[in-house]
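> how would this look folded up:
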Amino acid sequence: MYGDINASVHQGAVQFLGEQALAADLRQRSVKHQITGGFHRIDDEAAAFGQFGVRSAQQCRRHLGLDHGEGAGTGAYNKAGLIGGHATLVFCITIKVGTWPQRHPRVKSRPAKRKGFDVIVLGIETSCDETAAAVVDDTRRIRSNVVLSQFDEHRPFGGVVPEVAARAHLEHVDGIIAQAMKEAGVSFAELDCVAATTGPGLIGGVLVGAMSAKAICVAAGKPFVAVNHLEGHALTVRLTDDVAFPYLLLLVSGGHCQLLICQGVGRYTRLGTTIDDAAGEAFDKTAKMLGLGYPGGPLLEKAAEGGDPLRFDFPRPMAHRPGCDFSFSGLKTSVRRAVETLGGSLDAQTVSDLAASFQCAVAETLVARTRKAIDMARASHPEITHLVVAGGVAANRAIGGALSDLAASKGMTLVKPSPALCTDNGAMIAWAGLEHFRLGHTDPLNFKARPRWPLDPDAPTAAFAGVKA
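This is a model prediction of the structure:
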């Protein structure tokens, strides 16, 4: 994985860290005992850690919050002389303890452009059930974008299982990163920074990607940028369509559903969020009730193609309430009751009609709440001309068509990424990292992964899926 890192000053770090992998056996023994058995053997490599203020085995233990006794004799070294083979174990401890020296990387100015661009970024995404990595430069060129979905791993359970997802990320992340770098035709030395989703999301998966990025940053001497997964979605249209700030965003995915005014990088005002289920979550659970399988969203959309959207009169949640918040729990319950009323045995046409009726209800709900958000956004930002739709549910054609009609009726331009960039991917994370990096924003290596990370920290706290917003 680190074959392209040529700077000799970092070679000791590479030997110390080894091939990155988040230890799958963390559940079996304490983290401290997993990594400390061979610390007495790194004294010869101490010079390689001078940039981090770590000049001896004893200092290394101290910075990791470990006393001398815990650092000896546990036999954690493997035959290759690596600390369990797991670079991320070191960083798991430093983040938890928070004692790594506070030396923030800084953006270095470049005297001249390189081949027409200034910045190249590797982005890593592991927040849910896609393991992804991509390389993007500031000409808005996606040099590579590798995504591995975990459909086969989660299909037997009918949904994403966090522990299964984390272990699948662990198994594949090194190979995905290597493939992205190879397809991009760049070395680690040519990168300007490494960005990774550091929240919100399933924390086990988030840790895998974040620690992978930090290990590369240490080995290659590159700055680290912690990316909010939601901001990755929010900024994608600036990569694909160069949309200028401000714009109104409908972010609608399996874990999130919210409306925001995007005023600038890191500057968002939330107008509404879900008070219970996210729209994509409702799609997946409804698909499961209809026996459509996993992943539910695309399969339900396909089933709806031949259905009658008027056969079942499902509610339009929050239709007459003020504000822009969403609710999908009651709609999901209505589908369940309809299935129970039909006796649970559904023919193909009934399944299609249920799917079409549900999809129509979701689309009309999204349109109704977004219409109110447009009015609210224009009241404070009359210059807004773009309605942006992002997230996995944005790939739904029926929903996209309904929102396109809404935008036209309001004199706005609807912009949404291609389906491949609506769902989770590394390119959006690389681009979000690039946007921050160009502004001089980087993060220390003890930046904590976050299962919850709202884009608008000043917005009122919401419940259920909305707590992540």
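> and the end-to-end length of stretch 126-135?
Using CA to CA, to the nearest Å, the end-to-end distance of stretch 126-135 comes to 15 Å.
> can you pull the phi and psi angles for Leu122?
Backbone geometry at Leu122, expressed as degrees, to the nearest 10, gives phi -90, psi 130.
> one more: His256?
Note on His256: backbone dihedrals following degrees, to the nearest 10 are phi -140, psi 150.
> distance of it relative to Ala279?
9 Å (CB to CB, to the nearest Å). Just so you know, the C-beta spots here come from the backbone N, C-alpha and C atoms, and that holds for glycine as well.
> more neighbours: which of these two?
More crowded of His256 and Ala279, by other CB atoms under 10 Å: Ala279, with 30 against 26.
> which residues sit in contact with that one?
By CB atoms under 8 Å, 6 or more residues apart in numbering, the contact list for Ala279 reads 252-253, 257, 326, 328, 362, 366, 393.
> how near is it to Leu346?
23 Å.
> could you do Asp424 as well?
Distance from Asp424 to Leu346, counting by CB to CB: 31 Å.
> ditto for Ile176
Going from Ile176 to Leu346 by CB to CB gives 39 Å.
> higher neighbour count, the two?
Neighbours per residue, other CB under 10 Å: of Ile176 and Leu346, the larger number sits with Ile176, 24 against 17.
> quick one, what contacts Leu414?
Residues in contact with Leu414 (CB under 8 Å, 6+ apart) are 386-389, 400, 403-404, 406-408.
> hang on, the earlier thing: and which of the contacts of Ala279 is nearest to Leu271?
Lowest distance from Leu271 to the contacts of Ala279 (CB to CB) belongs to Phe326, with 11.1 Å.
> now do Ala462, the pLDDT please.
On pLDDT, Ala462 comes in at 71.
> I'd say it and Asp276 touch.
No - contact between Ala462 and Asp276 fails when scored by CB atoms under 8 Å: they sit 9.4 Å apart.
> can you pull up the most central residue in this structure?
Geometric centre of the chain, nearest residue: His229, 3.7 Å, by CA atoms, centre = their mean.
> show me the contacts for it.
Residues in contact with His229 (CB under 8 Å, 6+ apart) are 125, 127, 197, 199-201, 424, 429, 453.
> switch the cut-off to 6 Å
127, 197, 200-201 (CB atoms under 6 Å, 6 or more residues apart in numbering).
> just the residues you listed now: which is nearest Ala319?
Taking CB to CB as the measure, Ala319 lies nearest Pro200 of those, at 28.3 Å.
> the closest one is in contact with Arg452, isn't it?
Yes - using CB atoms under 6 Å, Pro200 and Arg452 qualify as a contacting pair, with a distance of 5.3 Å.
> higher neighbour count, those two?
Counted by other CB under 10 Å, Pro200 and Arg452 do not tie: Pro200 has more neighbours, with 23 against 11.
> which residues does the more buried one contact?
Counting by CB under 6 Å, 6+ apart, Pro200 has contacts 229, 451-453, 468.
> rerun at 10 Å
Shown in contact with Pro200 (CB atoms under 10 Å, 6 or more residues apart in numbering): 127, 206, 228-230, 255-256, 449-455, 467-469.
> mind checking which of those residues are in helices?
Counting by DSSP state H, the contacts of Pro200 place 206, 229-230 in helices.
> who does the helix or strand Gln263 falls within pair up with?
Assigned by DSSP states H and E, Gln263 belongs to strand 257-264. Its sheet considered, strand 257-264 pairs with strand 247-252 (antiparallel), strand 267-273 (antiparallel) by DSSP bridges.
> so for Glu171, which of these sits nearest?
Across the strands paired with strand 257-264, closest to Glu171 is strand 247-252 (CB to CB), at 29.4 Å.
> could I get the strands paired with strand 257-264 in TSV, plus columns for distance to Gly440?
Formatted as TSV, these follow (distance: least, CB to CB, whole Å):
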stretch	distance to Gly440
strand 247-252	23
strand 267-273	15
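> of those strands, which is nearest Lys222?
Nearest to Lys222 among those is strand 267-273 (25.9 Å), distances taken as CB to CB.
> list the buried residues for the closest one?
Applying a neighbour-count criterion of 16 or more other CB atoms under 10 Å, one finds 268-273 buried in strand 267-273.
> Phe151: which of these is nearest?
Thr273 (27.8 Å).
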